[in-house]
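Enquirer: I'll drop the sequence and a predicted model, then ask my questions.
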Protein chains: 2
Amino acid sequence: MRRAALAVAAVVLLGGADGGVDPRLLLVLGGLLVAAKLGGEAVTRIGMPAVLGELGVGILAGNLGLLGWHGLEFAITDAQLTFLGELGVILLLFQVGLESNLGQMAKVGAAAFTVACVGVALPMALGYGLHAALVPERTWHTHLFIGAVLTATSVGITARVFKDLGRIDSPTGRVVLGAAVIDDVLGLIVLAVVSGVVTGAERGGALDALAILAIVGKATGFLAVAIVAGPPVSRRLYRAASALRVRGVLLAVSLGFCFAVAYGAHAVGLAPIVGAFAAGLILDEVVFHDHLAKGDRPLEAQLEPVGQMLTPVFFVLTGARVDLAAFADRDALALAAALTAAAIVGKQACALVAFGDGVHRRSVGLGMIPRGEVGLIFAATGAHLMLGGQPVIGPTTYAAIVLVVMITTLITPPLLAWSLKAAPAGGAA
Amino acid sequence: MRRAALAVAAVVLLGGADGGVDPRLLLVLGGLLVAAKLGGEAVTRIGMPAVLGELGVGILAGNLGLLGWHGLEFAITDAQLTFLGELGVILLLFQVGLESNLGQMAKVGAAAFTVACVGVALPMALGYGLHAALVPERTWHTHLFIGAVLTATSVGITARVFKDLGRIDSPTGRVVLGAAVIDDVLGLIVLAVVSGVVTGAERGGALDALAILAIVGKATGFLAVAIVAGPPVSRRLYRAASALRVRGVLLAVSLGFCFAVAYGAHAVGLAPIVGAFAAGLILDEVVFHDHLAKGDRPLEAQLEPVGQMLTPVFFVLTGARVDLAAFADRDALALAAALTAAAIVGKQACALVAFGDGVHRRSVGLGMIPRGEVGLIFAATGAHLMLGGQPVIGPTTYAAIVLVVMITTLITPPLLAWSLKAAPAGGAA
């Protein structure tokens, strides 16, 4: 018994549960970081944000199989690199949150809320209508689900473009980021309601309003508590931490705070990156004062190299997971084209309702385009929900939704960069 | 077909091959970083290096099961956290290598080589003798294997203590680090020879001298090429990279270089951290000149926060994998006590042969104490080699070796810190 436990302990000491870390990952990670810079360089020379180059490098690396070379495929689906990428996008949103603060966000709160509501309602209506027109043989439940899939904005890509162009701390940036956070809450509600409707229909019962209220209450309650309790709690936390004399306390406490809020967001059903963004918003220059006085370097400067190491992993992997072969499936491609149009056009209505000094409306609409994890979670949920003996989301529809996510992710960086650069100096349009 | 592929792509987009990243890891990572600081603070207040606190926090967290709480056990063996820790210790050795350079290391080369040879020969002889005396019923092959297990120094702990105390760039630091690198090469040779002897005995054949020569040639050839070709290659690499205009090129190229050399070391049978150390030694201030002139921050300053995020993961996990329950197995503990004594005493002979201006001999001997991965790899190899129908390393012996690794890892930080602080100002003793 003891000896068996010790043998296990030894295997674990040797590096991880499942036989340790694959050393090839070192080579892949190093190559990825250098290639990301080369890709970034190539696209910035033609005036595009660096993230587009990282996605491009990823697409190339991820589709080498089409040329008959499969040597990188183990890395694209590797859980350890995926975790690095997740940390990278969480840190990105934390950095983005730090560049703004709650007071500034509150000023654009009404505009962001309006943008978010329109950006959820219109794509939903368009998705419903288009699917009803193209696939009339399915029931209205399926149309509703397709509409729901198109609602939620994926904030990672947009935040990165704003960061690449140095525009996070602008009215336009704040409206888009604020709307994306509200979007995530609305998306959660939509998923709960739509799933409830379908499950109710299948069982012949009614919608479980109480369960849906509980979901909504948890998510909004979490954000409310974060906004209200966050500032005083963080002030006390950082003051206590400033009593420590070891090096690196500011960074460790900030990462701990960011990861804790990100986990909290996940726990109430929101995306972890929404939590990381909220954590950044909550923290204010004031809380770092004692640490900076002790000689710590500013938090943003410390986070920069950490982000530079981890964030490209996320975007290169995102690119690598774009399966170019998928674009050869005609049925899926046709449906995807229609849904992508609905997804894009629907969000452009946000441009019409965005308001506020210095808000560049066209950029708001374009910044809301990317669909990501949330849409895929909806699709996966729909693929598991049965109605009348068949899944609400069938294989072709599922494939089309994956294509919508890929296309909206890839077209946003060039469009948004073009739009922001073409915006008049004042910003409003 | 296509649709199945797309479904896979979607699962992958959702986050990793095996159902994505466990969000609890965020909470664990954040807690680990904060706890590591608290542990570091506690021990630095009593004059010990911070790494001891990180190990201590790990031991506490890893043995909560003894109190009946198993909530953290998933994290201790998690492959993703393990990978973060591996990156952390690789970056630590890269940083340590950057603080020195090839010219300074060459000056202590003879001393380091002498220390390494004595530090391999004596523990081997003592281990052989002790095991022959304690377990006389086993053949000399087993005694030889036990001796081999005790040879190789694990440089991670020692490098960290020198770094905590700001003594890397001292003659003592250079001798110990140089000896540890040579140790790794010698250890590889010893493992090849000893395994060859046992395999030869089992098959009734002779030692395959050619195979052993090939192993030795690969490892020494790799280090020779790295030392000779490294400086001119890196100069050209960094000059070419300085033509890029995107941000973060210096960090990306340096990480790429470090990871590539670390992988190369692994590929020839050496530890990746030995490669990372060599990568740091090769890089010279000169190669960064163009990048610093462009306004990049110094590489060491950029690596610091990255290391502060990742390195504690390695040491806390190392502590967490110390299974306190193992110390209750009497047979294993008795053998472990004897082998630990042989391991420690054997390396103290290094103190007698260390020479050079400013070299603190006692600290050299203490710095060579830790045994780590290499010893465990030897033990695992021995557990799989059969001789006369039984494994060369049986379960009790294996358990004892794990204990030797644990004990030598834990006693080095306090002993070395005490010794370095007690050293006369000049350093020599």
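Expert: Good, I have the coordinates.
Enquirer: quick one, strands of chain A?
Expert: Along chain A, the stretches classed as strands by DSSP state E are A:386-387, A:390-391.
Enquirer: looking at those strands, spot the one closest to residue B:139.
Expert: strand A:390-391 (64.8 Å; C-beta to C-beta). Just so you know, the C-beta spots here come from the backbone N, C-alpha and C atoms, and that holds for glycine as well.
Enquirer: which one of the strands of chain A is the most hemmed in?
Expert: Of the strands of chain A, the one with the most neighbours on average (mean count of other C-beta atoms under 10 Å in any protein chain shown) is strand A:386-387, at a mean of 14.
Enquirer: reformat the strands of chain A as TSV; add mean pLDDT.
Expert: Listed next are the strands of chain A as TSV, based on pLDDT from 0 to 100:
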stretch	mean pLDDT
strand A:386-387	83
strand A:390-391	86
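Enquirer: dump those strands to CSV, plus distance to residue B:261.
Expert: CSV is the format used below for the strands of chain A (distance: least, C-beta to C-beta, whole Å):
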stretch, distance to residue B:261
strand A:386-387, 54
strand A:390-391, 50
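Enquirer: looking at these, which is closest to chain B?
Expert: Closest of those to chain B is strand A:390-391, at 11.7 Å (criterion: C-beta to the nearest C-beta).
Enquirer: give me the helices and strands touching the closest one, please.
Expert: helix A:373-384 (3 or more C-beta pairs under 8 Å, 6 or more residues apart in numbering or on different chains; DSSP states H and E).
Enquirer: and stretch A:136-147, is it in reach of chain B?
Expert: No - under the criterion of C-beta under 8 Å from any C-beta of the partner chain, stretch A:136-147 makes no contact with chain B; the nearest approach is 15.3 Å.
Enquirer: can you point out the buried residues in that stretch?
Expert: Buried positions in stretch A:136-147, judged by neighbour count with 16 or more other C-beta atoms under 10 Å in any protein chain shown: A:138, A:141, A:142, A:143, A:144, A:145, A:146, A:147.
Enquirer: can you get me a residue count around the residue of the stretch 151-300 of chain A found nearest chain B?
Expert: Closest contact between the stretch 151-300 of chain A and chain B, by C-beta to the nearest C-beta, is at residue A:259 (3.3 Å). For residue A:259, the count of nearby residues is 29 (other C-beta atoms under 10 Å in any protein chain shown).
Enquirer: please name the nearest non-neighbouring residue to it.
Expert: Nearest non-adjacent residue to residue A:259, counting by C-beta to C-beta, 6 or more residues apart in numbering or on different chains: residue B:30, 3.3 Å away.
Enquirer: so where's the stretch 301-429 of chain A shaky on pLDDT?
Expert: Applying pLDDT under 70 to the stretch 301-429 of chain A flags residues A:424-429.
Enquirer: rerun at 50
Expert: When residues are selected by pLDDT under 50, those of the stretch 301-429 of chain A lie in A:426-429.
Enquirer: you'd agree the residue of the stretch 151-300 of chain A closest to chain B is up against residue B:29?
Expert: Yes - look at residue A:259 against residue B:29 with C-beta atoms under 8 Å: they come within range, at 5.7 Å.
Enquirer: can you tell me how far residue A:245 sits from residue B:44?
Expert: Noted for residue A:245: a distance of 7 Å to residue B:44, by C-beta to C-beta, to the nearest Å.
Enquirer: between those two, which has more neighbouring residues?
Expert: residue B:44 (19 against 11).
Enquirer: so which residues on the stretch 301-429 of chain A come close to chain B?
Expert: So far as C-beta under 8 Å from any C-beta goes, the stretch 301-429 of chain A lies against chain B at A:302-306, A:308-309, A:312, A:318, A:321, A:323, A:325-326, A:328-329, A:332, A:372-373, A:376-377, A:379-380, A:395-396, A:398-399, A:401-403, A:405.
Enquirer: burial of residue A:422, as a residue count?
Expert: 11.
Enquirer: what about it, distance to residue A:163?
Expert: With distances taken as C-beta to C-beta, residue A:422 is found 19 Å from residue A:163.
Enquirer: same deal with residue A:380?
Expert: Look at residue A:380 and residue A:163: by C-beta to C-beta, they are 29 Å apart.
Enquirer: so which of the two has more stuff around it?
Expert: The neighbour count for residue A:380 versus residue A:163, taken as other C-beta under 10 Å, is higher for residue A:163 (21 against 16).
Enquirer: I'd guessed that one sits against residue A:91; true?
Expert: No - at 11.5 Å, residue A:163 and residue A:91 do not qualify as touching, with contact defined as C-beta under 8 Å.
Enquirer: wait, the residue nearest to residue A:259 sits on residue A:253?
Expert: No - contact criterion C-beta under 8 Å: residue B:30 and residue A:253 do not qualify, at 9.4 Å.
Enquirer: out of the two, which sits in the busier spot?
Expert: residue A:253 (25 against 22).
Enquirer: contacts only, for the more buried one.
Expert: The neighbours of residue A:253, taking C-beta atoms under 8 Å, 6 or more residues apart in numbering or on different chains as the test, are A:237, A:238, A:241, B:34, B:37.
Enquirer: buried residues in stretch A:343-358, which are they?
Expert: Buried, per 16+ other C-beta under 10 Å, within stretch A:343-358: A:343, A:344, A:346, A:347, A:348, A:349, A:350, A:351, A:353, A:354, A:356, A:358.
Enquirer: before we move on, what about stretch A:395-404?
Expert: Here stretch A:395-404 shows A:395, A:396, A:397, A:398, A:399, A:400, A:401, A:402, A:403, A:404 as buried, counting by 16+ other C-beta under 10 Å.
Enquirer: for these, which one is nearest residue B:410?
Expert: Using C-beta to C-beta, residue A:402 is the member of the buried residues of stretch A:395-404 that lies nearest residue B:410, at 50.4 Å.
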